[in-house]
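Enquirer: my questions are about this predicted structure, shown below with the sequence.
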Amino acid sequence: MKQFFTAILIISLAGLIILGYYALKNYNKKLKDSKLKQRLFIKYYDDEKTFIRNYFRFLLSLLEKGDIQWIVVSSRRYPWEKIEITYSVINQHVEITDRGDPLDTLQQSDLKQLGLKSYTAKEDLQVLSSSVNPKIVTDLVYYLLESVHNQKKALNMKVTISGGQF
Amino acid sequence: MLKKIFEVFFLLILMFSIFSACAYKDSSYGEYEHIIVFADSTLYKNIRPELEQTFDQFVYTPITEKSFYLELQPLQRLDKYKKYRNIMFIGLLDGKDVVSQYITQSFDTEVQSAIKQGKIFDIFQEDLFAKEQMVIFLASTDLITLKQNLIAASDEIYKKLENYYFDRLERLMFTKGEKTVLEEYIAEKYGWRIRIQHDYHLVKESDAGNFVWLRRINPDRSLFVFRFPADSLIMSDSQWLVDLRDSLTTIYYERDSIAQKDTYTVHTEFHDHAALKLVGVWQNHKLYIGGPFRTYAFFDQDQKYIYVIDILVTAPTRRKKPYLDQLEVMANSFQLLPGRLSL
């Protein structure tokens, strides 16, 4: 009888060890996967940012020439944000219009460091102006999406154009 | 001494609090076109056709939209709806239902006797419960008189409410922002001025100085002003205006054209100038889109120019009238600047 219980104990211990081994293996695999995913996410994010910047370079030149009238950047993640980019012929600068709470002084100084020329806000309407520079425009748009709206909305952005004969 | 100063200071604070509490009113809210109606349900059922004839004037966009939407509510819900933008009370003087009793209590004896004598039927009261609010009282002595009064004063009541609607819309449209720099740029360059709401952009101007296109997206709204030299305005026939608009939209709006079956002409006035107004629907066969438009054309004797102001809306799946009305406000803000005719 004693041998019988010993055998059961040994078999249970062996089972537990096998289960523990596979659980550990699975955990390790998941950890590796998540690290890989994180690396891939950062890579995709950087790649997309580079792509958007290059795309903006092309679109801003069309905007400046008057071939298109609007660039609309929208996030696909809820709540959807829509940022409108236009060209002002009067001051020859790019106008970025966004909706949301007014920016605080720290955010404004951050944006100024990124190349913001001027900023006006009334109620939820905010207008930022910048020179016709794709890097500055990209940085300002990403800052608005990432930091002001306080969400990682900038991945998988939708960029559409409107108007003109293009 | 110190006690006296404290007393005066306390009194001042108390007075300030009382005055500010008395003067303060919340802003009204809700849809601009909705009218909350407080009336006895039986009475409302009896006068519903006359009420709808007065307020529900249809606008073809090409979906049929109403100018105002009536929503009947029981008086018990007055607290919930009292800050809505448009409220209407309908009742009979000395009537037994709660709304009639409320109306009777609201009027003093002079007003009551004037209603009994048939001198007063409709009373418009601005900002009664909230700011930017219109409250209308319709009261008569009996149901037949109420119906008769409603039919007789229908146009006048509608016009009053519509005027207030546009005045309020203009006040509220520009609270968030107005593109004054762009307005000044246009005034300097073209010799006319128009109020431009935030988010509108100057997207096209012709080198010849005769065409200016302002546009806003989400949903798409456009306003253009075109002028050309002329000796007079042909009022008897509007086909030239249809053709002119079609030719301009072919160039600038990717071949939009007027759906002539759904368009009609109105002889109107535009800031003391006799004017033609096209009211109708535009379409684009290439892009499979369409929507409502309005075109004004008038002749300026001093400059010898015909001015054409056009507004249009593209808003699939949305109600178009609110946007069209905003554009009407902008179009009606157009003014010529004498002595500043440029280009």
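Expert: Nice, thanks for sending it over.
Enquirer: chain A: strands as residue ranges?
Expert: With DSSP state E, the ranges of strands along chain A come out as A:70-74, A:82-88, A:93-99, A:118-122, A:125-130, A:158-162.
Enquirer: quick one: closest of the ones you listed to A:A7.
Expert: When those are ranked by distance to A:A7, counting by CB to CB, first place goes to strand A:158-162 at 64.7 Å. C-betas here are computed from N, CA, C, even on glycine.
Enquirer: if we can go back for a sec, let's have the strands of chain A in CSV, adding mean pLDDT and distance to chain B.
Expert: Below are the strands of chain A laid out as CSV (pLDDT from 0 to 100; distance: least, CB to the nearest CB, whole Å):
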stretch, mean pLDDT, distance to chain B
strand A:70-74, 91, 6
strand A:82-88, 92, 5
strand A:93-99, 93, 6
strand A:118-122, 92, 5
strand A:125-130, 93, 5
strand A:158-162, 88, 6
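Enquirer: now those strands in a markdown table, with distance to B:L202?
Expert: Below are these laid out as a markdown table (distance: least, CB to CB, whole Å):
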| stretch | distance to B:L202 |
| --- | --- |
| strand A:70-74 | 13 |
| strand A:82-88 | 8 |
| strand A:93-99 | 11 |
| strand A:118-122 | 18 |
| strand A:125-130 | 15 |
| strand A:158-162 | 15 |
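Enquirer: mind putting those strands into a markdown table with distance to A:K37 and mean neighbour count?
Expert: Shown next, in a markdown table, are the strands of chain A (distance: least, CB to CB, whole Å; neighbours: other CB atoms under 10 Å in any protein chain shown):
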| stretch | distance to A:K37 | mean neighbour count |
| --- | --- | --- |
| strand A:70-74 | 25 | 21 |
| strand A:82-88 | 28 | 21 |
| strand A:93-99 | 30 | 20 |
| strand A:118-122 | 37 | 14 |
| strand A:125-130 | 33 | 20 |
| strand A:158-162 | 23 | 14 |
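Enquirer: B:D310: which of the ones you listed is closest?
Expert: It is, among these and with distance given as CB to CB, strand A:158-162, at 19.1 Å.
Enquirer: neighbouring strands - and their directions - for that closest one?
Expert: In the sheet containing strand A:158-162, its partner strands are strand A:70-74 (antiparallel), by DSSP bridges.
Enquirer: pull out the CA atoms of the strand it pairs with and give them to me as PDB.
Expert: Extracted C-alpha coordinates of strand A:70-74, given in PDB (Å, rounded to 0.1, in the frame of the first residue of the first chain):
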ATOM      1  CA  TRP A  70      -6.600  70.000 -48.500                       C
ATOM      2  CA  ILE A  71      -4.600  67.300 -46.700                       C
ATOM      3  CA  VAL A  72      -6.600  65.500 -44.100                       C
ATOM      4  CA  VAL A  73      -4.900  63.300 -41.600                       C
ATOM      5  CA  SER A  74      -7.100  61.100 -39.600                       C
END
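Enquirer: just want the angle from that strand to strand A:82-88.
Expert: Computed with axes from the mean of the first three to the mean of the last three CA atoms, to 10 degrees, the direction of strand A:70-74 lies at 160 degrees from that of strand A:82-88.
Enquirer: contacting residues around strand A:70-74?
Expert: Outside strand A:70-74, the residues that touch it by CB atoms under 8 Å, 6 or more residues apart in numbering or on different chains are A:56, A:59-60, A:63, A:80-86, A:141, A:145, A:157-163, B:201, B:217-218.
Enquirer: and if we set it to 7 Å?
Expert: With CB atoms under 7 Å, 6 or more residues apart in numbering or on different chains as the test, strand A:70-74 has contacts from A:59, A:63, A:80-86, A:141, A:157-163, B:217.
Enquirer: what's the answer for stretch B:219-231, then?
Expert: Among residues not part of stretch B:219-231, those counted as contacts by CB under 7 Å, 6+ apart are B:210-215, B:248, B:299, B:304-315, B:318, B:323, B:327, B:330-331.
Enquirer: what's the ChimeraX syntax to select whichever of those residues are buried?
Expert: The following ChimeraX line selects those of these that are buried, judged by 16 or more other CB atoms under 10 Å in any protein chain shown:
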select /B:210,211,212,213,214,215,248,299,305,306,307,308,309,310,311,312,313,314,315,323,327,330,331
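Enquirer: mind checking which of the contacts of stretch B:219-231 land in strands?
Expert: Per DSSP E, strands hold the following members of the contacts of stretch B:219-231: B:211-215, B:299, B:305-314.
Enquirer: and stretch B:64-72, what's buried?
Expert: With burial defined by 16+ other CB under 10 Å, the residues of stretch B:64-72 counted as buried are B:65, B:67-68, B:70, B:72.
Enquirer: out of the contacts of stretch B:219-231, which are close to chain A?
Expert: Among those, the residues within reach of chain A (CB under 7 Å from any CB of the partner chain) are B:R215.
Enquirer: closest to chain A among the buried residues of stretch B:64-72?
Expert: Proximity of those to chain A, judged by CB to the nearest CB, is greatest for B:E65, which lies at 24.8 Å.
Enquirer: by contact count, what packs against the helix or strand where that closest one lies?
Expert: Following DSSP states H and E, one finds B:E65 within strand B:64-66. With contacts defined as 3 or more CB pairs under 7 Å, 6 or more residues apart in numbering or on different chains; DSSP states H and E, the secondary structure elements packing on strand B:64-66 are strand B:58-60.
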